[in-house]
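S.K.: one predicted model, sequence on top.
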Amino acid sequence: MKMKFSKIWRPALALLLFLFLWEGLTRFLEIEPWVLPAPSLIMKEMIEVFPSFTPHIISTVKLVLIGFTFGILAGITTATILHVFPKVRETIMPFLVISQNVPIIVLAPLFMIWFGMGDFPKVLIIAMTAFFPIAIATLDGFGQTDRELMHYMKMMGATRKQIFFKLQLPHAIPSIFSGIKIAATYSVMTGVVAEWLGAQQGIGVFMTLSASSYRTPRVFVAIVVTIILSLAFFGLFLALEKLFTRWNREGVEK
């Protein structure tokens, strides 16, 4: 308990100090709220707009959950295929790496032209953002399987299917969750940015409308909520990782 507290209090103290300095500087220098609002003003604005802001949050969360789910499924499935079929991996892997040199968000205008202004192009952008870190992390997890255990299972007459499901997949779970946690934070930010390009509701829409009317405190409200959602997604999968890796360790011990 003391170790957990010691890990928390320093970042919390640094954050409080930062907010205190921010508040003090905006008041001392008399900075206009439309340029840089004080933290107290941002909090006040958040409380005032929360009822009307809630539908935007729900819309973004739904969009991110759908796209992120597709990204997880596509990433793990692709990594499994590339792991099981090495020749396919040698052929496809260079193209996957090259594709990551093109920022996904720059493809958004093309997706809007090809697929319209609905949710599908945004879901596709989020899924593609989540796909690569999950696929790479999963492949890395498969590659780190204990060779001695694999050799032992082969000596015992285990099939490739048994080796994969009883050894390689459980061994890769921590790596898979590492990729998922990274992708989770990216997906929230990508979802918000994708909404800038055209949507009826969402945090990105709220942010764009606020910026166009110079309501800077509301822009900061959207930024704060985006950060909170990213941390919430990260925390959710961190908790799931602990659950599944504990199950994995117990299974290995048995």
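M.R.: Happy to help now that I have it. Numbering: from 1, shown residues only.
S.K.: from here on, contacts and neighbour counts on C-alpha atoms
M.R.: Noted.
S.K.: give me the buried positions along stretch 164-171.
M.R.: Phe164, Leu167, Gln168, Leu169, Pro170, His171 (16 or more other C-alpha atoms under 10 Å).
S.K.: contact partners for the second one?
M.R.: The reference is to Leu167. By C-alpha atoms under 8 Å, 6 or more residues apart in numbering, the residues touching Leu167 are Thr145, Met150.
S.K.: of the buried residues of stretch 164-171, closest to Ala239?
M.R.: Pro170 (17.1 Å; C-alpha to C-alpha).
S.K.: mind listing what's buried along the host helix or strand of the closest one?
M.R.: Following DSSP states H and E, the helix or strand that holds Pro170 is helix 169-196. For helix 169-196, the neighbour count (16+ other C-alpha under 10 Å) marks 169-196 as buried.
S.K.: likewise stretch 219-227?
M.R.: The neighbour-count check on stretch 219-227 (16+ other C-alpha under 10 Å) flags Val219, Phe220, Val221, Ala222, Ile223, Thr226 as buried.
S.K.: kindly export it (C-alpha atoms) in CSV.
M.R.: Listed next in CSV are the C-alpha coordinates belonging to stretch 219-227 (Å, rounded to 0.1, in the frame of the first residue of the first chain):
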residue,chain,number,x,y,z
VAL,A,219,-12.0,23.7,-26.1
PHE,A,220,-10.0,22.9,-23.0
VAL,A,221,-13.0,21.0,-21.6
ALA,A,222,-12.9,18.8,-24.7
ILE,A,223,-9.2,18.3,-24.3
VAL,A,224,-9.5,17.3,-20.6
VAL,A,225,-12.3,14.8,-21.4
THR,A,226,-10.3,13.3,-24.2
ILE,A,227,-7.4,12.8,-21.8
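S.K.: that one - what's its average pLDDT?
M.R.: Stretch 219-227 shows a mean pLDDT of 94.
S.K.: quick one: neighbours of Gln162, just the number.
M.R.: 13 (other C-alpha atoms under 10 Å).
S.K.: any idea whether it is helix, strand or coil?
M.R.: Three-state assignment for Gln162 (DSSP: H, G, I helix; E, B strand; the rest coil): helix.
S.K.: how about the strands in this protein?
M.R.: With strands called from DSSP state E, the chain shows none.
S.K.: low-confidence ranges in the stretch 51-200 of the chain?
M.R.: In the prediction, the stretch 51-200 of the chain carries no residues with pLDDT under 70.
S.K.: ranges for the helices of it?
M.R.: 86-99, 108-115, 120-143, 147-155, 160-163, 169-196 (DSSP state H, counting those that start in this stretch).
S.K.: right, and those - which one's nearest Trp9?
M.R.: Among the helices of the stretch 51-200 of the chain, the nearest to Trp9 by C-alpha to C-alpha is helix 169-196 (23.2 Å).
S.K.: list the helices and strands the closest one packs on?
M.R.: On a contact count with 3 or more C-alpha pairs under 8 Å, 6 or more residues apart in numbering; DSSP states H and E, helix 169-196 meets helix 39-84, helix 120-143, helix 203-212, helix 216-253.
S.K.: okay, those, which one's buried deepest?
M.R.: Ranked by mean neighbour count, these are led by helix 120-143 with a mean of 24 (mean count of other C-alpha atoms under 10 Å).
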